[in-house]
Structure formats: structure tokens, C-alpha cells
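S.K.: Fold the following, please.
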Amino acid sequence: MTEKQRSSSHVRDLCYVALFTALIAVLAQISIPLPGGVPMTLQTFAIPLAGLVLGPKRGTLAAVVYVLLGAVGVPVFAGFSGGLGIVLGMTGGFIVSFPLMAFLAGLAEKKTVKSPMLWVWLVTGAVANYVVGTVWFMFVADSSLIAALTACVIPFIPTAILKIILSGFFGTMLRRVLVKSNLLQ
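M.R.: Numbering: from 1, shown residues only. Presented below is the predicted three-dimensional model:
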């Protein structure tokens, strides 16, 4: 690969990372507040989508950039919020686990919807997000495990299943189209 091709590839990678960071920020605004203090958002659809389409490295980078933008105060989190207070608050565990979720989904980047490993990686990413988020919630809210599961996990199970299925189908389809068009490697 020549220097010019390598440079072009890096620019393309940065553009994809920026695009998926923006997608995560936009989908974070589709949010339904719930009584337990943890909103239902489409971030957890966008994060594994980034991992599946971009792969573990670039997908994780998109999630890291998203978290850092929000942490420094850019209003990219749900409800157009941002700042370190949000990251350190009750829902901060979910936010800080987004890079891990993207990385785990990214491990399935070359799988098809027929591959059991695609679904294993997507479910593993979702479970990691719930574990980190719930433990963080328990610590910050000084809550019991039962109260944390009631606020952070139980109401989200049906939509989590739906988001896993949709991100698996759309992620593999989008990646296949981009690769076939020579827009993604």
C-alpha cells in the first residue's frame, strides 16, 4: 500500500468513526424516561451497530469519542445532556461501558446473521453493558441488587432483545453493502 493509499484509508476511517459517533449521539436523543431514573434510548442499538459495521477497533473508537464528547460537556447524551456529572451519575456505568459493548459487537464484524457467533457477541456486549451499568447504579444510588435490577434491567429486556436482533440484521447488511461497494475494508 502506497503512502497516498494509506493516508486515504486513514481519512476514510476517521470519517466512519465520526459518522458513527454522530449516529450514536442522534439516536441517544430518541429517549423515553422511566421512573427508575434510567431512560430507554436507542444508544444501545447504535453502539453494537458501530461495532458490527466498523469492526472492533473503529467501532470502539466511535464509542470512546462519543463518551469523551459527552464527558467534556457536549450535549450528546440522552435529553441533550452532557458533562462529567452525567458520566459519574446513576447512568454513568452504561455510558462508560459503551466502548466495551462496541468492541464485543465488533468481534462479530465478519459473521453473517446465520452465524451463532454473531448473536453470541451481540448478547455478550449487551450483558456487559447491563452488568457494568447495574453495578455502577447500585454504587451511585446506594441501591440494593433487586432495586437496581428493577430500575436497570427488567424493563429493558424486551427492547434489548429487539435491539440485538435489529442491530444484527442491519449491521451485517450495511457492512456487506459497504464492503461490496469498496467503501469499507
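
S.K.: Going by residue numbers, what spans are strands in the chain?
M.R.: Applying DSSP state E to the chain gives strands spanning 31-32, 40-41.

S.K.: for the last one, packing partners?
M.R.: To tie it back to what came earlier, the one meant is strand 40-41. strand 31-32 (3 or more CB pairs under 8 Å, 6 or more residues apart in numbering; DSSP states H and E). Any C-beta I mention is one placed from the backbone N, CA and C, and that applies to glycine too.

S.K.: Go again with 10 Å.
M.R.: helix 3-28, strand 31-32, helix 157-180 (3 or more CB pairs under 10 Å, 6 or more residues apart in numbering; DSSP states H and E).

S.K.: The last one vs helix 3-28, what angle?
M.R.: So that's helix 157-180. Angle of helix 157-180 versus helix 3-28, following axes from the mean of the first three to the mean of the last three CA atoms, to 10 degrees, is 160 degrees.

S.K.: Report the central residue of the protein.
M.R.: Nearest residue to the geometric centre of the chain (CA atoms, centre = their mean): Ile47, 2.0 Å.

S.K.: Could you measure from that one over to Ser143?
M.R.: Distance of Ile47 to Ser143, given as CB to CB, to the nearest Å: 24 Å.

S.K.: same deal with Leu27?
M.R.: 27 Å.

S.K.: check contacts around the nearest residue to Leu122 once chain neighbours are set aside.
M.R.: Leaving aside its chain neighbours, Leu122 sits nearest to Ile164 (4.8 Å; criterion: CB to CB, 6 or more residues apart in numbering). Contacts for Ile164 were tallied using CB atoms under 10 Å, 6 or more residues apart in numbering; they are Thr44, Phe45, Pro48, Ala105, Leu118, Trp119, Leu122, Val123, Gly125, Ala126.

S.K.: The fourth one contacts Met117, doesn't it?
M.R.: The one in question is Ala105. No. Counting by CB atoms under 10 Å, Ala105 stays clear of Met117, with 11.5 Å between them.

S.K.: rewinding a little: out of the helices and strands packed on strand 40-41, which is closest to Thr150?
M.R.: The closest of those to Thr150 is helix 157-180. By CB to CB, the value is 11.7 Å.

S.K.: that older thread, correct me, but the residue nearest to the centre of the chain touches Val64?
M.R.: No. Using CB under 10 Å, Ile47 makes no contact with Val64, being 11.1 Å away.

S.K.: before we move on, back to that, separation between the residue nearest to the centre of the chain and Ala18?
M.R.: Distance, Ile47 to Ala18, using CB to CB: 16 Å.

S.K.: re the thing from before, redo the contacts of Ile164 as a markdown table? Include pLDDT.
M.R.: A markdown table is the format used below for the contacts of Ile164 (pLDDT from 0 to 100):
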| residue | pLDDT |
| --- | --- |
| Thr44 | 96 |
| Phe45 | 97 |
| Pro48 | 98 |
| Ala105 | 97 |
| Leu118 | 97 |
| Trp119 | 97 |
| Leu122 | 98 |
| Val123 | 98 |
| Gly125 | 98 |
| Ala126 | 98 |
